[in-house]
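# Need the 3D shape of this:
(chains A and B)
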Amino acid sequence: MTYIMSLFLFGLVLGLVAVASNPSPYFAALGLVVVAGLGCGILVGHGGHFLSLILFLIYLGGMLVVFAYSAALAAEPYPESWGSRRVMAYIFVYVVGVAMVSGLFWGGWYETSWVPVDELGELSVLRGDSGGVALMYAGGGGMLVIGAWVLLLTLFVVLELTRGLSRGALRAV
Amino acid sequence: MNPIVSCTLLITLGLGTTITFASSHWFLAWMGLEINTLAILPLMAQYHHPRATEATLKYFLTQATAASTLLFATTTNAWLNGQWDIQHMTHPLPITLFTIALALKIGLAPPTIWLPEVLQGLDLITGLIMSTWQKLAPFALLLQIYPANSTLLIMLGLTSTLIGGWGGLNQTQLRKILAYSSIAHLGWMILVLQFSPALTLLTLFMYIIMTFSTFLVFHLNNATNINTLATTWAKTPALTALTPLLLLSLGGLPPLSGFMPKWLILQELAKQDLALTATLAALTALLSLYFYLRLSYALALTMFPNNPTGTPPWRLQSPQIVYPLALSITATLTLLPLTPTITALMTP
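The predicted model follows:
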């Protein structure tokens, strides 16, 4: 279990490096897919199975897919990615930065925080978020309503910002 | 813009600030700030001009960065403290992160690069909403962050007054001048935050009243640069006579009400044995005063060169509602004698 969790974490950080270093939206979206998928795996390992499922379905399977399709519509014939030297320089800088910051946390409390992961020898998890989800619908009901209103508002905001074709706010630039 | 959409966005602006005001949980406070950011974006881009779109984009990026830093500080605080309450923070790391995130949100220096450019791209009424309403929610949170990081707050305050004064000196566009004036006033507010939060609140309210008046005066005269200001004497002579007093109130001169917050802040700093800080703050306020004086000079102390046969325009009745402007100008000019009452009301 420790091996799988550390693999997921490594993949998450490398995926973030890919997102940040890619000038083309295709490969950045691919990096995001990797990050989201591995993040869901890490969530499962920490007991948040419900949250992980919802994240996978809605974020990865809904929003990210829509973003990938929109990026594909704004097609670029020769996207620049990990082959070019400039992008390699970015990747080097990000990886060195991550290595430096992780060096700060090496050993000490970080190392001992991996001990509980080893206790579950097989691929099993403790379901930790069921009570939380129930509470969110019970005591946090008002916040859910506001959250839903904000989502609707975001729709209106995006519609208002992108309406108008050539007379609109985006085309004139 | 469709009036229903416009109404929905304005009501949601109110909702966001209300949520942040009413929250004791950091997550809910963050939600209110995000709602405010989202709701003002179409209002900023409503005139579909490339400059307005650019301002909207810059605003969104900086506010999103500030909001994610705030969320990061929230989770760090939850991890270190074990609970999410705003008023029960103990660890200095999340407190510093919160202060920096909120400083980026309201436009304190040094993270203040966005404010002049964003304000320049907006029309005057949306700029007014951004300068006044959008400052209320972050200040409600800043007032509750305790124990505060003392060095950080004083450095933010002094840098803001310095950059607000210095940066505004070379400007001819009124919206940029008002942006730098905003930065300087925010610096004064942050300076006294850890010593007397009531004074911060007083400065915020006085600043809102003064800047409300200034924005509306410029909107009434449709003036966006100093050259246009020079011709307002022919359009609204009474208002042109009052506007220099308004600007000098922004600059903090007695006997106008803008003097009240600066006076009380300097007194509080002196009581806290921070004479050098108080002196630096007062000296940097002089820089702001210079560009307010320059605006007054263009408005009322000189006459724009015109040929002798030039006639002033017809003074028709303005379709704008000027009652709020009349109220706020009266407040901006005459509230100084009420200082003892206001001080008694502000401190519980």
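# which SS state does the residue in chain A that chain B sits nearest to fall under?
Proximity of chain A to chain B (Cβ to the nearest Cβ) peaks at A:E160, 3.9 Å away. Using the backbone N, CA and C atoms, a C-beta is placed for each residue, glycine as well. With DSSP: H, G, I helix; E, B strand; the rest coil as the basis, A:E160 sits in helix.
# State the distance from the residue in chain B positioned nearest to chain A to B:T8.
Nearest to chain A, among the residues of chain B, is B:P42, at 3.9 Å (Cβ to the nearest Cβ). Separation of B:P42 from B:T8 (Cβ to Cβ, to the nearest Å) stands at 10 Å.
# count of neighbours near B:F60?
18 (other Cβ atoms under 10 Å in any protein chain shown).
# Looks like it contacts B:T37 (just checking).
Yes. Using Cβ atoms under 8 Å, B:F60 is in contact with B:T37, at 7.0 Å.
# so which helix or strand takes in residue 136?
Defaulting to chain A. Per DSSP states H and E: A:M136 is located in helix A:130-138.
# please go with chain B instead
Here B:L136 is assigned to helix B:124-142, by DSSP H and E.
# what's the offset of the next helix or strand after that helix from the middle of its chain?
Sequence-wise, the next helix or strand downstream of helix B:124-142 (DSSP H and E) is helix B:150-167. In terms of Cα atoms, centre = their mean, to the nearest Å, the centre of helix B:150-167 is found 14 Å from the chain centre.
# What is helix B:150-167 packed up against?
With contacts taken as 3 or more Cβ pairs under 8 Å, 6 or more residues apart in numbering or on different chains; DSSP states H and E, helix B:150-167 sits against helix B:92-106, helix B:174-191, helix B:275-296.
# what does it contact?
Contacting residues not belonging to helix B:150-167 are listed as B:96, B:99-100, B:103, B:108-110, B:112, B:116, B:180-194, B:274, B:277, B:280-281, B:284-288, B:290 [Cβ atoms under 8 Å, 6 or more residues apart in numbering or on different chains].
# cool, and stretch B:240-259?
B:181, B:185, B:206, B:209-211, B:213-214, B:217, B:232-233, B:261-263, B:285, B:288-289, B:292-293, B:295-296, B:299-301, B:329, B:331-336.
# let's see it at 7 Å
The contact list for stretch B:240-259 (Cβ atoms under 7 Å, 6 or more residues apart in numbering or on different chains) reads B:181, B:206, B:210, B:213-214, B:217, B:232-233, B:262, B:285, B:288-289, B:292, B:295-296, B:299-300, B:329, B:331-336.
# same deal with stretch B:168-177?
So stretch B:168-177 is in contact with B:116, B:119-120, B:127, B:180-181, B:218, B:223-226, B:287-288, B:290-291, going by Cβ under 7 Å, 6+ apart.
# Make a ChimeraX selection of the buried ones in those.
Entered in ChimeraX, the line below selects the buried ones among the contacts of stretch B:168-177, by 16 or more other Cβ atoms under 10 Å in any protein chain shown:
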select /B:116,119,120,127,180,181,218,223,224,225,226,287,288,291
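# picking up where we left off before, what's the spacing between the helix holding B:L136 and its chain's center?
7 Å.
# quick one: that helix to helix B:92-106, angle?
With axes from the mean of the first three to the mean of the last three Cα atoms, to 10 degrees applied, the angle from helix B:124-142 to helix B:92-106 works out at 170 degrees.
# Name the residues of helix B:124-142 that are buried.
Buried-residue list, helix B:124-142, by 16+ other Cβ under 10 Å: B:124, B:126-142.
# cool, and stretch B:322-329?
Per 16+ other Cβ under 10 Å, stretch B:322-329 contains these buried residues: B:L325, B:S328, B:I329.
# same question, stretch A:20-32
A:S21, A:N22, A:P25, A:F27, A:A28, A:A29, A:L30, A:G31, A:L32.
# Angles on the backbone of the last one, please.
When read as degrees, to the nearest 10, the backbone of A:L32 gives phi -70, psi -40.
# ok, now which ones touch residue 15?
Just going to use chain A. Taking Cβ under 7 Å, 6+ apart as the test, what A:G15 contacts is A:G31, A:V34, A:V35, A:L38.
# Chain B is the one I meant
Residues counted as contacts of B:L15 (Cβ under 7 Å, 6+ apart) are B:I35.
# Starting from A:L9, give me the distance back to it.
38 Å.
# do the same with A:F50
A:F50 is 21 Å from A:L9, by Cβ to Cβ.
# isn't the residue of chain B closest to chain A right up against A:V157?
Yes. In terms of Cβ atoms under 7 Å, B:P42 counts as a neighbour of A:V157; the distance is 5.4 Å.
# Check which helices and strands the helix holding B:L136 sits against.
helix B:3-22, helix B:26-44, helix B:92-106, helix B:174-191, helix B:197-220 (3 or more Cβ pairs under 7 Å, 6 or more residues apart in numbering or on different chains; DSSP states H and E).
# Let me see the domain layout of chain A.
A:1-107, A:126-172 (the TED database).
# Would you mind giving those as JSON lines with mean pLDDT added?
Listed next are the domains of chain A as JSON lines, based on pLDDT from 0 to 100:
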{"stretch": "domain A:1-107", "mean pLDDT": "87"}
{"stretch": "domain A:126-172", "mean pLDDT": "83"}
